[in-house]
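K.L.:
coordinates only, sequence not included:
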Ligand code: TRP
Ligand code: ZN
């Protein structure tokens, strides 16, 4: 059992097993907002009735509320006497004695200008905006704030005409008018929705406007609303929106369903973006882009986040979640859909490689640490803490496996059935799996285990070839390591997309024992036992099995010998598997050198095959620049750390840098030529070709600097000075950030002066210094917290400096003296009272303590303990800290 915060009333964890339907339903809500400079008044009229299926005919009415000042309340238009209701310790409102159906009129006062938690109604840059997922609506007014209560919302907003000329909410706009200095507008959302999808925005905004015509011929308006001056940075977001609308029609037959679709960009936002019905609210970072200020990665992220939020219109809004334990029902599915979309927009292999990198960088460590939880968790203290890589990214992998098992057509039929069954209602993960099963006839009962079992399965392969009988046997074993609270793991069905590669590098046809004919190309094996042997017949020559093509399951593949990895890194016909084999081979080579380095041995020359493979990839790069850039990148320090029983941060850094410089030495001529050949003076374009060229050229720049820091600094400075586009400028500056030089100092100063008025670019400036490997980085980062542009109230700025340092600077965050840990804990303590959601996320870097040596373990635990013992720590941060410490002595 989790221990509980000392400050607050004892908190009961929410349990999935205790789910009960709500005692009451709210069919309709009318909201009247009077937005003011000092305070805002919210009047609401709720049509409430007892829930016939709850079986609780005498239950009191309980409404959620938080930090609300109740000004008036009446039931069926008669004022409620104070003894008829009470406000509870957590802020909720209870009315013990109510009829079966009634109207409730409530007036509350709130203070959006003082809302630093950025949940509920708050202000950002002088404008009003909301964030209601997961439990923010209760900070706006009293309500049954849970996703299985869906109401029709009607909204009237009154505000100062000059300060807030634009007033937006969900649904379609209605009557508008003036009242002296003030004006009002009404919004009516015809689709019932839970309170977490409510949104309101008011401010001095300008829009990029457009329109879209659905396949069935209905035209509606599109608007992307931003602060004055940013309107010329919305074109890419708009193009992405229209592309995603078209894609969802073509791929799933899903059309948009209102007369307007609005997006608003705000600079103070806890997360990436939010799918409020008809009024998506975005972090500016996922909307604004122009070549001078945004990198290729920014362009790609905007495309995928815009798509993600739009796709939620069906998978999230029209069909929503019954309770927050079903979060992956909307998030895993919607991430999968945005991944499919990105793959269709560019190079499918390179986009899949990005998915895999993200999964391995954040989800695998989460699944192996103290915060491991199933894709469908069983309990939580604060739901905000469960917007995790496991729920999102592993959740998406589970959907992808169903897609692989059912095939594209089966999956599309399953989606159609899911939506047909659950449109306008709140569904569960088992509902989704059932729809997939019923539409395809494929039994998914065992598959459901993936949702309940935490931990990354490990599969080990062994094989045997008999030249006399021409039989090839492949034995696959699976095992999932224990995770907190879950020890005995069951086998799960693992789809392994595979093929056999012959000794000459050609793909061989495959025939399993018992099959009548051989098949060409990739085939699917499903491994659902602890051990399983697959017997291939008629195998002409000893093959190399190419396994997990396209990364067909979120597992770790062990037991493939280095020689075979090297072979597959050149010959695998599946690009994703070829890339992965190359990365695994590099990991093996580097880890061997880490062991030598730790033993104080001098390092032998770098593995000749690895050098030859990379040379081959570089020489052949013109085939696909973007893919070559991925394949030429050495595994990150974090990836290498994940593979070590006890992480040695200094050894990893030293060995990886040594290998980079050795490679740069061996490939110097080719790297220099490639760099020069890829120089592109033509205007900036963001198509896959152009992005791939820049990625490879900047990869070459990095290697050239690793081989020759002085020459590299000059080259990087020249690229920086050319100011071609932000991708090239930032790549150059990132190289310089790791080289102590006059060029570094000049470029950093120049960059800040040039871009000091563009917050998203200033974020990059902070992040790149936080990532530096130079000695003294901790002191520099602490110094940057005193920079005039640093702000702890803006989550983007805080993440850029503190988040980047703790999550992307392994070397310095894990400083042996503990200064990095102390810095993070200091920052968490400052942030926690103001913004618990973001503070709780920041603390996670300390949770990895079990992976380090005893001295670092002690230092990390000491900082966690310091946070744990702080009186008044938020429940959000407390949950993360206490889970991170669980089992520690
Ligand atoms: N539903 C959002 C998404 O994934 C996530 C989100 C946005 C969120 N803002 C939040 C989650 C605030 C928790 C708290 O698209
Ligand atoms: Zn989402």
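P.N.:
Ah, there it is. This one's a predicted model, so the numbers in the text were calculated from it and none came from an experiment. Numbers count the residues shown, from 1 in each chain. Ligands and ions are numbered 1, 2, ... in the order given.
K.L.:
What residue, apart from its backbone neighbours, is nearest the residue of the stretch 601-750 of the chain found nearest ligand 2 spatially?
P.N.:
Of all residues in the stretch 601-750 of the chain, the one sitting closest to ligand 2 is residue 686 (23.8 Å; C-beta to the ion). For every residue, glycine as well, the C-beta is placed using N, CA and C. Once flanking residues are discounted, residue 686 sits nearest to residue 299: 4.8 Å by C-beta to C-beta, 6 or more residues apart in numbering.
K.L.:
List the buried residues in the host helix or strand of the one you found.
P.N.:
Element membership of residue 299 [criterion: DSSP states H and E] is helix 296-311. Neighbour-count burial for helix 296-311, counted by 16 or more other C-beta atoms under 10 Å, picks out 296, 298-311.
K.L.:
what's in contact with the helix or strand just after that helix?
P.N.:
Going down the chain from helix 296-311, the next helix or strand is strand 319-321, by DSSP H and E. With C-beta atoms under 8 Å, 6 or more residues apart in numbering as the test, strand 319-321 has contacts from 147, 150, 193-194, 197, 327, 329-330, 418-419, 422-428.
K.L.:
Could you check the helix or strand harbouring residue 226 and say which residues are buried?
P.N.:
Assigned by DSSP H and E, residue 226 falls within strand 219-227. Judged by neighbour count (16+ other C-beta under 10 Å), strand 219-227 contains these buried residues: 220, 222, 223, 224, 225, 226, 227.
K.L.:
Run through the bridge partners of the third one.
P.N.:
Residue 223 has the following beta-bridge partners by DSSP bridges: residue 209, residue 262.
K.L.:
check contacts around it.
P.N.:
Per C-beta under 8 Å, 6+ apart, neighbours of residue 223: 207, 208, 209, 210, 260, 261, 262, 263.
K.L.:
6 Å instead?
P.N.:
Contact partners of residue 223, counting by C-beta atoms under 6 Å, 6 or more residues apart in numbering, are 207, 209, 262.
K.L.:
Separate out the buried members of the residues you listed.
P.N.:
In the contacts of residue 223, the ones that pass as buried (16+ other C-beta under 10 Å) are 207, 262.
K.L.:
ok, residue 219 touching residue 213?
P.N.:
Yes: if you go by C-beta atoms under 6 Å, residue 219 and residue 213 touch, sitting 4.6 Å apart.
K.L.:
Quick check: residues of the stretch 301-450 of the chain near ligand 2?
P.N.:
Residues of the stretch 301-450 of the chain lying close to ligand 2 by C-beta under 5 Å from the ion are 331, 334.
K.L.:
What residues does the residue in the stretch 301-450 of the chain that ligand 1 sits nearest to make contact with?
P.N.:
Nearest residue of the stretch 301-450 of the chain to ligand 1: residue 387, at 4.5 Å (C-beta to the nearest ligand atom). By C-beta under 6 Å, 6+ apart, no residues touch residue 387.
K.L.:
Quick check: phi and psi at it.
P.N.:
phi -90, psi 70 (degrees, to the nearest 10).
K.L.:
Do you know the pLDDT at it?
P.N.:
On the pLDDT scale, residue 387 is placed at 98.
K.L.:
Could you do residue 680 as well?
P.N.:
87.
K.L.:
Can you give the contact residues for stretch 656-674?
P.N.:
Under the criterion C-beta under 6 Å, 6+ apart, residues 606, 611, 615, 618, 700, 703, 704, 706, 707 lie in contact with stretch 656-674.
K.L.:
So what's the gap between the longest strand belonging to the chain and the chain middle?
P.N.:
Counting by DSSP state E, the longest strand found in the chain is strand 182-194. Centroid displacement of strand 182-194 relative to its chain, using C-alpha atoms, centre = their mean, to the nearest Å, is 30 Å.
K.L.:
What of stretch 347-366?
P.N.:
For stretch 347-366, the distance to the chain centre is 11 Å (C-alpha atoms, centre = their mean).
K.L.:
re earlier: quick one: buried residues of the longest strand of the chain?
P.N.:
Applying 16+ other C-beta under 10 Å to strand 182-194 flags 183, 184, 185, 186, 187, 188, 189, 191, 192, 193, 194 as buried.
K.L.:
which residues touch that strand?
P.N.:
By C-beta under 6 Å, 6+ apart, the list of residues contacting strand 182-194 from outside reads 147, 150, 152-158, 160-161, 167, 169-176, 277, 320.
K.L.:
Great, nothing more from me.
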